[in-house]
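K.L.:
sharing a model prediction with you, sequence too.
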Amino acid sequence: MTEWFTLVLVFSILKYWTSASNIDGPDRIRETLKILQNTVDDLTDSALISKQRNEYLELKLSENRDELKQLKIQYDRNIHELEARVRELEVAAMNRDRQVITLKQEKEEDREYIHKVEQRLARLEKKHELTFENAYQLRNTSTNLAWEDMRSPYDDSTERDQKRLLTPPSTTHGAVAFYAYMSTILPSPSAQHVLVFDVVKTNTGNAYHPTTGVFMVPESGVYVFTWTYRIGGDHDHSIQLMINTEDCGSLYLHAMSGTEMEGTGIVVTHVNAGDDVYVRTHASYQVGTSHYIQSNTYGRSSFAGWKLF
């Protein structure tokens, strides 16, 4: 394009120069040629500047094109990653929904199972309570009958000798001591229930009977007896230490709601060989239902005694 423009310009100059030579002469031609030469130089410079600018613009365009191409590649990559992430989240959401449904089903099954277990536990507790009630009633009945038989002739030497014959022989002459505790909870004992401490840890003299909870004095003398019991929150009990039919000591506990309480009673007294010493619920103090006596590894309900002299 620049060459064509130059050629046209040259022809124009020649035409002008030819017509001018016929009019003004050589000076006028030289002046005109000089003007034309300057014009050509300006046009050449302008053409060069335009060319350089075009080359610069083409270079920038090429760079921008490459940059846009890289941006497009990065954009496509980001779109692909986002789509993959969306698919992962959709799969995770579906799995979570399945898990929620499964957990709801398992929760419902657990609720039904717990309900069945609670019903079974209630039946077992009722059965266990009835068993305890029957056992204690049977033992209390037999014990009361035996005491009634012993009340009037208790000072009779023949009766006392017979009772001594029923007492197991002492394994260590002169030494008498025992300690036992309950192995489990005692639910809702009624009045005059003899407490049975079935786990025997010490029984020097073999005078304590874990099946009945009664200590049969093997030798007359001064003894120390101590009993401990534990109750749950909002429960109360009064427990007596009995020697035959005589109340020799009592201990009352009332635990506030949300707490547990444990108390210990101690009696020092003289007893005779053949006397029965035991612990029972108070004869005249009535407690509410489900007022249990607790005993476990965190606190034992226990009964102990030993001969001082």
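P.N.:
Everything's here; your move.
K.L.:
quick one: the strands in the stretch 151-300 of the chain?
P.N.:
177-181, 199-204, 208-209, 214-216, 221-231, 236-243, 246-254, 261-271, 276-281, 293-294 (DSSP state E, counting those that start in this stretch).
K.L.:
of all the ones you listed, which lies closest to residue 126?
P.N.:
With CB to CB as the measure, strand 293-294 is the member of the strands of the stretch 151-300 of the chain nearest residue 126 (18.1 Å). From N, CA and C alone the C-beta is placed, and that goes for glycine too.
K.L.:
and after the closest one, which helix or strand comes next?
P.N.:
Toward the C-terminus, strand 293-294 is succeeded by strand 302-307 as the next helix or strand (DSSP states H and E).
K.L.:
let's have the strands of the stretch 151-300 of the chain in a markdown table, adding distance to residue 52, mean neighbour count and mean pLDDT.
P.N.:
Shown next, in a markdown table, are those (distance: least, CB to CB, whole Å; neighbours: other CB atoms under 10 Å; pLDDT from 0 to 100):
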| stretch | distance to residue 52 | mean neighbour count | mean pLDDT |
| --- | --- | --- | --- |
| strand 177-181 | 109 | 20 | 98 |
| strand 199-204 | 110 | 14 | 97 |
| strand 208-209 | 121 | 22 | 98 |
| strand 214-216 | 123 | 22 | 98 |
| strand 221-231 | 105 | 20 | 96 |
| strand 236-243 | 109 | 21 | 91 |
| strand 246-254 | 108 | 14 | 92 |
| strand 261-271 | 104 | 15 | 95 |
| strand 276-281 | 117 | 23 | 96 |
| strand 293-294 | 103 | 22 | 90 |
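K.L.:
CSV for those, including distance to residue 50?
P.N.:
Shown next, in CSV, are the strands of the stretch 151-300 of the chain (distance: least, CB to CB, whole Å):
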stretch, distance to residue 50
strand 177-181, 113
strand 199-204, 114
strand 208-209, 124
strand 214-216, 127
strand 221-231, 108
strand 236-243, 112
strand 246-254, 110
strand 261-271, 107
strand 276-281, 119
strand 293-294, 106
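K.L.:
okay, and for the stretch 51-200 of the chain, where does confidence drop off?
P.N.:
The stretch 51-200 of the chain contains residues with pLDDT under 70 at 125, 128-173.
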